[in-house]
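In: mind looking at a prediction? Sequence and model below.
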Amino acid sequence: MKVAVVILNWNGRDLLEKFLPSVVKFSAEATVYVADNASTDNSVSFISENFPTVKIIQNKVNGGYAKGYNDALKNLSEDIFVLLNSDVEVTENWLQPIISEFEKDASVVAAQPKILDYKNREYFEYAGAAGGFIDKYGYPYCRGRIFNTLEKDTGQYNDTAEIFWASGACLFVRADAFWQAGALDEDYFAHQEEIDLCWRLQAKGGKILYVGTSQVYHVGGATLSASNPQKTFYNFRNSLFNLLKNSKGTCTFCSIFLRMALDAIAAFQFLIQGKPKHFLSIVKAHFSFYGLVPKFLQKRKENASEIIYFKIKSIVFQYFILKKRRFKQL
């Protein structure tokens, strides 16, 4: 089984210098690519000069995560794609446990490793932790991370488990399943497109896994930090896309309406906290969503499925009202 580890880069020369050595060192059984999203720094020349075994793919434009990967992957022939953020430190033997799951079970179409915090290495990292889920209203949460509460890694998730979505920070996906599902949705630009992809993969009968015997460390927010209002915009808008595009039935529209009400509460919370830019980001996210509703209604006709996408009705209620902070309390 041939493996392509593909790192998407945009003006990330410093990140490549810091994290590419671990990828090259511990990925001998894979071909390592850097897909450059039309950088204006010296990223490409730096790779050429310092990492001769790394293959470079040069995208013509910066189309964000979704288009960047779609453009980069279309000419690759490997069986498994590993979409790896440029701010991830991999560890010895990170590939083998996950690749073996693909080899054992043809229904496994995507997977992720244990993702720990590079800066606080005993704790799980926000973007994926030990595997992701969403609630009825599209809010994502993880084993090991609910909203901003991160669990300490004490071995509680050293298992292999079926999950709803695998993190785009380190996403393993079968190449044929990736294309059959329609690849990444470029209207998302960035954030939560992996949730959409995993939803579509499962609608076609695929299985998504978390493999806790593989471990990586993620900085998180290297491209867009959590304090960046643009990140707020994409997360709120794109989770609405997920519901409209993939959830079948008239109840979907009730869920979207309630989600919007919860978003309004979140927006005013930002205002109270003295973060007016984040308040405006949620407002902009909703208007951007409205503008793309006709397009996503068309996508809904092709993609909406009856698979049960949630185990918990409201993670907001569980977390903020019932004060459940750990995944195993849910």
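Out: Yes, it's here.
In: pLDDT below threshold where in this structure?
Out: Residue ranges of the chain with pLDDT under 70: 221-226.
In: strands along that one, start to end?
Out: Remark: strands assigned in the chain by DSSP state E are 3-9, 31-37, 55-59, 80-84, 88-90, 108-117, 132-134, 140-142, 145-146, 149-150, 160-162, 170-174, 207-218.
In: direction included, what does the first one pair up with?
Out: It refers to strand 3-9. For strand 3-9, the paired strands and their directions (DSSP bridges) are strand 31-37 (parallel), strand 80-84 (parallel).
In: tell me the angle it makes with strand 55-59.
Out: Relative orientation of strand 3-9 versus strand 55-59 (axes from the mean of the first three to the mean of the last three C-alpha atoms, to 10 degrees): 50 degrees.
In: pull the CA atoms of strand 3-9 into PDB?
Out: Taking C-alpha atoms only, strand 3-9 is exported to PDB below (Å, rounded to 0.1, in the frame of the first residue of the first chain):
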ATOM      1  CA  VAL A   3       1.400   6.300   1.100                       C
ATOM      2  CA  ALA A   4       1.700  10.000   0.300                       C
ATOM      3  CA  VAL A   5       2.300  12.400   3.100                       C
ATOM      4  CA  VAL A   6       1.200  15.800   1.800                       C
ATOM      5  CA  ILE A   7       1.900  19.000   3.700                       C
ATOM      6  CA  LEU A   8       0.100  22.100   2.500                       C
ATOM      7  CA  ASN A   9       2.200  25.200   2.800                       C
END
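In: quick one: residues in contact with that strand.
Out: Residues from elsewhere that reach strand 3-9, judged by C-beta atoms under 8 Å, 6 or more residues apart in numbering: 15-16, 20, 23, 27, 29-37, 39, 43, 57, 65, 68-69, 72-73, 76, 78-86, 95, 99. All C-beta atoms are positioned from the backbone trio N, CA, C, and that covers glycine.
In: show me just the buried residues among the residues you listed.
Out: Among the contacts of strand 3-9, those scoring as buried are 15-16, 20, 23, 27, 30-37, 39, 43, 57, 65, 68-69, 72-73, 76, 78, 80-86, 95, 99 (criterion: 16 or more other C-beta atoms under 10 Å).
In: what's the top helix by length along the chain packed up against?
Out: Longest among the helix segments of the chain by residue count, using DSSP state H, is helix 276-303. Contact analysis of helix 276-303 by 3 or more C-beta pairs under 8 Å, 6 or more residues apart in numbering; DSSP states H and E lists helix 229-246, helix 251-272 as its packing neighbours.
In: how much distance is there from it to the middle of the chain?
Out: Here helix 276-303 is found 19 Å from its chain centre; the criterion is C-alpha atoms, centre = their mean, to the nearest Å.
In: same deal with stretch 241-260?
Out: Relative to its chain's centre, stretch 241-260 lies at 20 Å (C-alpha atoms, centre = their mean).
In: quick one: Phe268 from Asp87, how far?
Out: Separation of Phe268 from Asp87 (C-beta to C-beta, to the nearest Å): 32 Å.
In: of the two, who's got more company?
Out: For Phe268 and Asp87, the more surrounded residue by other C-beta atoms under 10 Å is Asp87, and the numbers stand at 22 against 12.
In: follow-up on the earlier one: so the longest helix of the chain versus helix 229-246, what angle?
Out: Using the same axes, to 10 degrees, the direction of helix 276-303 lies 20 degrees away from that of helix 229-246.
In: and the angle from helix 276-303 to helix 251-272?
Out: Going by the same axes, to 10 degrees, helix 276-303 makes 170 degrees with helix 251-272.
In: thought Tyr122 was touching Glu151?
Out: For residue 122 the amino acid is Glu, not Tyr. No. Using C-beta atoms under 8 Å, Glu122 makes no contact with Glu151, being 10.0 Å away.
In: for Phe147, which non-adjacent residue is spatially closest?
Out: Spatially, and ignoring its direct neighbours in sequence, Phe147 is nearest to Tyr319 (5.7 Å; C-beta to C-beta, 6 or more residues apart in numbering).
In: kindly apply the preceding question to Ala304 instead.
Out: That would be Lys248: by C-beta to C-beta, 6+ apart, it lies 4.1 Å from Ala304.
In: now do the one you found against Asp41, distance only.
Out: From Lys248 across to Asp41, the span is 45 Å (C-beta to C-beta).
In: can you give the domain ranges for this protein?
Out: Domain segmentation of the chain under automatic domain parsing yields 3-218, 229-329.
In: quick one: residues contacting Lys74.
Out: Lys74 makes contact with no residue under the criterion C-beta under 8 Å, 6+ apart.
In: actually Tyr69, not the one I typed
Out: The contact partners of Tyr69, by C-beta under 8 Å, 6+ apart, come to Val6, Leu8, Ala35, Leu83, Ala183, Leu184.
In: ok, so of those, who is nearest Asp135?
Out: Leu184 (22.9 Å; C-beta to C-beta).
In: I'd like to know how far the nearest residue to the closest one once chain neighbours are set aside sits from Asn238.
Out: Nearest residue to Leu184 in three dimensions, chain neighbours excluded: Ala66, at 3.9 Å (C-beta to C-beta, 6+ apart). Ala66 sits 10 Å away from Asn238, going by C-beta to C-beta.
In: repeat that for Ala72.
Out: Distance, Ala72 to Asn238, using C-beta to C-beta: 21 Å.
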